[in-house]
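In: no sequence for this one, just the structure:
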Ligand SMILES: Nc1ncnc2c1ncn2[C@@H]1O[C@H](COP(=O)(O)OP(=O)(O)O)[C@@H](O)[C@H]1O
Ligand SMILES: [Mg+2]
């Protein structure tokens, strides 16, 4: 692949360099700098509308930066060099996406059966056949605690909120990703289901992908229980920049006027059923 630079011995998965992104006259990201190493579990936090989803979508190439760069590791190439996402062609981006998965904010499930949802990306991105996908689909459902014999052919409309979230995670697992992104994976779920999803994110993060490269997970969340249990590196966006970068124990005790009111709001933001609507 072209447009790449060698990865260093630090094995960075993502390097974001002075990233700016506006919509019309509304600046959303105004100088984001962030480096994520292979194997890290990173939580992106920050007030509603501060640009967390826009940041994820810029990392994954759905939005292009106005200025600055997003570099991301190419696991199809030897020594996984870093590529400038905005400079990749659609085909090149698809080549990188073979090793990524995204669990979207509202699950983004497709209308159709559970199997149709599980098979969609492996067919589109990895060009796999049904015979290749079926055993992986069964295993992914078992991994998220769903019974493949019962629900493989069910319509996604028949699933509860918690089951739909588990299916969204199973769909990510079928890709056996090296890099996995979650956008508010527990918002609006009841505490028991939140606990199940925390465990799933944790076990998925620790499991080694088939490629033999430690998995990197990036989780947008307001869920303090997730932050407490999984102890990720916390990155807070505020006013278009990274305002805090460090552990949760420090984050929750900070008295800055930018951080403390947000920490106090987190439970209410986390409880919302339809974030950002
Ligand atoms: N496709 C888009 N077109 C115009 N504005 C957008 C678009 N996507 C997001 N925005 C705006 O960017 C800001 C940040 O949005 P978002 O990243 O979704 O926030 P959050 O941190 O809650 O995920 C919001 O003001 C939102 O309205
Ligand atoms: Mg969002």
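Out: Thanks, I have the structure now. All of these numbers come straight from a predicted model, not from anything done at the bench. Ligands and ions are numbered 1, 2, ... in the order given.

In: Please make it C-alpha for all contacts and neighbour counts, starting now.
Out: Will do.

In: where along the chain do the helices fall?
Out: 52-59, 90-97, 114-124, 130-143, 148-151, 161-174, 191-206, 224-230, 248-253, 260-271 (DSSP state H).

In: ranking the ones you listed by burial, who's on top?
Out: Here the criterion is mean neighbour count by mean count of other C-alpha atoms under 10 Å, and of the helices of the chain the winner is helix 161-174, at a mean of 24.

In: tell me the angle of it relative to helix 130-143?
Out: Using axes from the mean of the first three to the mean of the last three C-alpha atoms, to 10 degrees, one finds that helix 161-174 and helix 130-143 are set 130 degrees apart in direction.

In: Just give me how far helix 161-174 sits from the chain centre.
Out: In terms of C-alpha atoms, centre = their mean, to the nearest Å, the centre of helix 161-174 is found 13 Å from the chain centre.

In: And for stretch 69-89?
Out: What separates the centre of stretch 69-89 from the centre of its chain is 17 Å, taken as C-alpha atoms, centre = their mean.

In: That one: end-to-end distance?
Out: 15 Å (C-alpha to C-alpha, to the nearest Å).

In: what's the answer for stretch 118-131, then?
Out: One end of stretch 118-131 to the other measures 13 Å (C-alpha to C-alpha).

In: For that stretch, what does the pLDDT average out to?
Out: Per-region confidence: stretch 118-131 scores 93 on mean pLDDT.

In: Please name the residues that touch the residue most central in space within the chain.
Out: The central residue of the chain, meaning the one whose C-alpha is nearest the mean C-alpha position (C-alpha atoms, centre = their mean), is residue 181 at 1.0 Å. With contact set as C-alpha atoms under 8 Å, 6 or more residues apart in numbering, residue 181 has these partners: 56, 100-103, 217-220.

In: again, but for residue 7
Out: Residue 7 makes contact with 73, 79-82, according to C-alpha under 8 Å, 6+ apart.

In: Turn the buried ones among these into a named PyMOL selection, would you?
Out: Entered in PyMOL, the line below selects the buried ones among the contacts of residue 7, by 16 or more other C-alpha atoms under 10 Å:
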select buried, resi 73+80+81+82
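
In: So, low pLDDT: which residues of the chain?
Out: 1-3, 9, 274-277 (pLDDT under 70).

In: how about the residues of it near ligand 1?
Out: 23, 28, 48-54, 276 (C-alpha under 6 Å from any ligand atom).

In: rewinding a little: pick out the most distant pair among the contacts of residue 181.
Out: Of all pairs drawn from the contacts of residue 181, the one with the longest distance (C-alpha to C-alpha) is 100 and 220, at 15.7 Å.

In: okay, these two: which has more neighbours?
Out: When neighbours are counted by other C-alpha atoms under 10 Å, residue 100 and residue 220 differ, and residue 220 comes out ahead with 25 against 22.

In: give the contact list for that one.
Out: Residues in contact with residue 220, defined by C-alpha under 8 Å, 6+ apart, are 43-45, 52-53, 181-185.

In: Tell me which entries of those lie within strands.
Out: Secondary structure from DSSP state E places 43-45, 181-183 of the contacts of residue 220 in strands.

In: Many thanks, we can stop here.
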